[in-house]
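*Asks:* quick one: sequence and predicted model below, then my questions.
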Amino acid sequence: MKAQARSVAFILSLFVLILIGLPPQPAGGQDDPKLQQRVRYLVGRLDAERYADRESAGSELVEIGLPAAAAVREAARTGNQEVRQRAKDILVAIGPQAEQPDLASPDRRKRIAAAQALCRGMPNYALLSEDGQKNVDVARVLRRLAAAVSADPDLADDAHAHKLLLWVGDRLADAAKADYEASDLGLYVAGEFKQLAQRHPLSPLAGKTIYDAGEFADYLARFPQGFYAPRARYCQIARRKEYCHWPSDDEDDPGREPMKIDAERELAEWPKFLKEYPDFEGADDANYRLARALEMQGRLGEACARLRLAYPDGDMHQQSLERLVFIMDVKMDARGVQAVQHAFDVDKRPDGELIFPAAHLAAVVHDLLARKLRRSGDYAGAAAEYRLAARSAEPVRDQGPQETEAQRYAIRPPAMRPCPNMAWIIAKQAGPEAEFCDACAALAGKRDGDSLYRLASLIYKHPPVAPPGAMVCQDGFTFIWQISSYYLDTESAEYHQRQSRYWQAGRLYQRVLDEAPRSGSAAKALFMLANCYCHLADVEVNNSEYWFAAGDANARKALELYRRFCKEYPRHELTPAAAKGVDWLTDVCEGDDSQPDE
């Protein structure tokens, strides 16, 4: 396969050179020390005092061609204003591959990037004045466009490239225009797809029309190594009618099973696909679907291992991070999360291969495990995990946010990615959370009513913290994304309840009433239990379908408890507040949900 790929790359390189009107360059051009010494001398002469010397140097560099391109590109980047302009003109004169050497690269991503850069670098000549348009070398513009489209056929549908091709077609000389209109590019621009298929059946643009029609099997049979081969194969495996680099149909929604995934079949197909097309721009999409298939088969640890992987130029970081956290938060118990953390520690990978730096991922997992242990009542274990989370993120703990103001507001691809501030945020939260869990652990070991009341009040007053993995950056702006299924209706009642501090506190207040009804804290525990049910009825606080459905019942329970308090403790200092709650909830339960007057 590698030998075949190298052969295809060589043929593509040769085709591009022939297409743009350049003879194949000798392999030794770049390595000939005498020639390169001459090139360096000529590049230096581009800044000579005499105009004739500058012109002569430029002409000779054009004659040398591609072997001179690297040194000329460097001059175009670092020289003074005149040298930079002369160097750019020389690169244009040498040909498209001199401007963008990656046009013939064996790496698909580099070819596409070079083609797009070449196309973007050409102005809209139609906007120039008539005199300005006359000075444009139309044939050279056509060669540049043809080279770009050859490397990335998608550019044939690009609005800017299409306008340039129409402009070129109108200004070519008669003979050249006839040749252009009969070429595959001219026929494609004119929309003559039938003639294109008949005259140029092996043209990449003829293949593009087959692919665009959704005839993936036909395309792969005719163009097994064609530009659209990985996309066609992707659509075959995913059972899609067209390839979209960004997930659709809610496949990236953490609360829903992916649509149209045949887990058993895709588990067999995606690993072969990723091995065959490692430089495909949608490799991250394929990896994500593979992870979802593993998840559907119950292989959660393997799914997490897949979701943490990053692919060059991928845009699935956000979805992968969301799903990774979702699986560990919802579908795994504490032991499962610990196994994932151990597997991550054993399978050490460079940060460049991960959606997030390894230390940051470790902080996220420890933070998530701490939340899981805390919800189950293991406060001591939770405190230990919070401290491990802080230790994992220690390199950035005291450095503050890791983005400068300029970075924060800079638009950069991919449009959405995990925010580098996350580890810093977790580290800042972990210390206070560990102290909170230590305080809870000290009280949880005691059985008297007053200790239970203090533990319940500690939980009741503790503010919620954004879940791990929630911080992302979109177009340079930081947002909080809710990842947990707490905001969905797919999980059990117990899961939703354990996510709510009011439910956890209410359970402890109820224990005070059941186990220590004569303690000094019993009256306040009854009042606070009513408050907990009142908060649970507030759908703005508990934003999920589960709490929506339970809202009326929780409001009636709060009303019942406030009335009970007023009856059992008519002279208590909290009785006026309880009576106010009775008045408001009576109106709410009868249909008037206006807020009570302050």
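*Replies:* Nice, I can see it. Numbering: from 1, shown residues only.
*Asks:* quick one: the strands in this protein?
*Replies:* Defined through DSSP state E, the strands belonging to the chain, from first to last, are 416-418, 471-474, 477-480.
*Asks:* please save the CA atoms from stretch 294-312 in PDB.
*Replies:* Written as PDB, here are the backbone C-alpha positions of stretch 294-312 (Å, rounded to 0.1, in the frame of the first residue of the first chain):
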ATOM      1  CA  LEU A 294     -17.500   0.700  20.900                       C
ATOM      2  CA  GLU A 295     -19.700   2.400  23.400                       C
ATOM      3  CA  MET A 296     -22.800   0.800  21.900                       C
ATOM      4  CA  GLN A 297     -21.200  -2.600  22.300                       C
ATOM      5  CA  GLY A 298     -20.500  -1.900  26.000                       C
ATOM      6  CA  ARG A 299     -16.700  -1.600  25.400                       C
ATOM      7  CA  LEU A 300     -16.600   1.700  27.400                       C
ATOM      8  CA  GLY A 301     -12.900   1.700  28.200                       C
ATOM      9  CA  GLU A 302     -11.900   1.300  24.600                       C
ATOM     10  CA  ALA A 303     -14.400   4.000  23.600                       C
ATOM     11  CA  CYS A 304     -12.800   6.400  26.000                       C
ATOM     12  CA  ALA A 305      -9.300   5.500  24.700                       C
ATOM     13  CA  ARG A 306     -10.500   6.400  21.200                       C
ATOM     14  CA  LEU A 307     -12.200   9.600  22.200                       C
ATOM     15  CA  ARG A 308      -9.100  11.100  23.700                       C
ATOM     16  CA  LEU A 309      -7.200  10.800  20.400                       C
ATOM     17  CA  ALA A 310      -6.700  13.900  18.200                       C
ATOM     18  CA  TYR A 311      -6.200  14.000  14.400                       C
ATOM     19  CA  PRO A 312      -4.400  16.700  12.500                       C
END
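*Asks:* which residues sit against it?
*Replies:* Outside of stretch 294-312, the residues that reach it under the criterion Cβ atoms under 8 Å, 6 or more residues apart in numbering are 109, 257-258, 261, 263-264, 267, 279, 283-284, 287-288, 290-292, 317, 320-321, 323-324, 327-328, 331-332, 336, 339-340, 343-344, 347, 349, 352-356, 361. (C-beta placed from N, C-alpha, C; glycine too.)
*Asks:* so for that stretch, what gets flagged as buried?
*Replies:* Of the residues in stretch 294-312, those buried by neighbour count under the rule 16 or more other Cβ atoms under 10 Å are 294-296, 299-311.
*Asks:* please apply the same query to stretch 335-352.
*Replies:* Buried residues in stretch 335-352, counting neighbours by 16+ other Cβ under 10 Å, are found at 336-338, 340-341, 344.
*Asks:* what does stretch 448-456 give?
*Replies:* Within stretch 448-456, the residues scored as buried using 16+ other Cβ under 10 Å are 449-456.
*Asks:* next one: stretch 132-142
*Replies:* So stretch 132-142, judged by 16+ other Cβ under 10 Å, has buried residues 138, 141-142.
*Asks:* and these as CSV, adding pLDDT and distance to Asn531?
*Replies:* Compiled in CSV, the buried residues of stretch 132-142 are given as follows (pLDDT from 0 to 100; distance: Cβ to Cβ, whole Å):
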residue, pLDDT, distance to Asn531
Val138, 85, 79
Val141, 84, 74
Leu142, 88, 76
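*Asks:* what about the residues you listed, which are in helices?
*Replies:* Helix and strand membership here follows DSSP state H; of the buried residues of stretch 132-142, those in helices are 138, 141-142.
*Asks:* Arg40 against Ala70, yeah?
*Replies:* No - the criterion here is Cβ atoms under 8 Å, and Arg40 misses it with Ala70 at 10.5 Å.
*Asks:* give me the below-cutoff pLDDT ranges for this structure.
*Replies:* With pLDDT under 70 as the threshold, the chain has low-confidence stretches at 1-31, 97-99, 245-259, 393-424, 464-492, 494-495, 539-544, 591-598.
*Asks:* for stretch 508-516, which positions count as buried?
*Replies:* 508-513, 516.
*Asks:* also stretch 318-337?
*Replies:* For stretch 318-337, a neighbour-count test (16+ other Cβ under 10 Å) marks 318-330, 332, 334, 336-337 as buried.
*Asks:* so which of those residues are in helices?
*Replies:* In this view, these that belong to helices under DSSP H are 318-326, 334, 336-337.
*Asks:* dump the residues you listed to JSON lines, plus distance to Asn531.
*Replies:* Converted to JSON lines, those look like this (distance: Cβ to Cβ, whole Å):
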{"residue": "Gln318", "distance to Asn531": "37"}
{"residue": "Gln319", "distance to Asn531": "38"}
{"residue": "Ser320", "distance to Asn531": "40"}
{"residue": "Leu321", "distance to Asn531": "36"}
{"residue": "Glu322", "distance to Asn531": "33"}
{"residue": "Arg323", "distance to Asn531": "36"}
{"residue": "Leu324", "distance to Asn531": "36"}
{"residue": "Val325", "distance to Asn531": "31"}
{"residue": "Phe326", "distance to Asn531": "31"}
{"residue": "Ala334", "distance to Asn531": "30"}
{"residue": "Gly336", "distance to Asn531": "35"}
{"residue": "Val337", "distance to Asn531": "33"}
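*Asks:* which one of these is nearest Cys235?
*Replies:* Checking these against Cys235 with Cβ to Cβ, the nearest one is Gln319 at 19.1 Å.
*Asks:* how many neighbours does the residue nearest to Val512 when sequence neighbours are not counted have?
*Replies:* Counting by Cβ to Cβ, 6 or more residues apart in numbering, Ala525 is the residue found nearest to Val512 once chain neighbours are left out, at 3.9 Å. Number of residues near Ala525 (other Cβ atoms under 10 Å) recorded here: 26.
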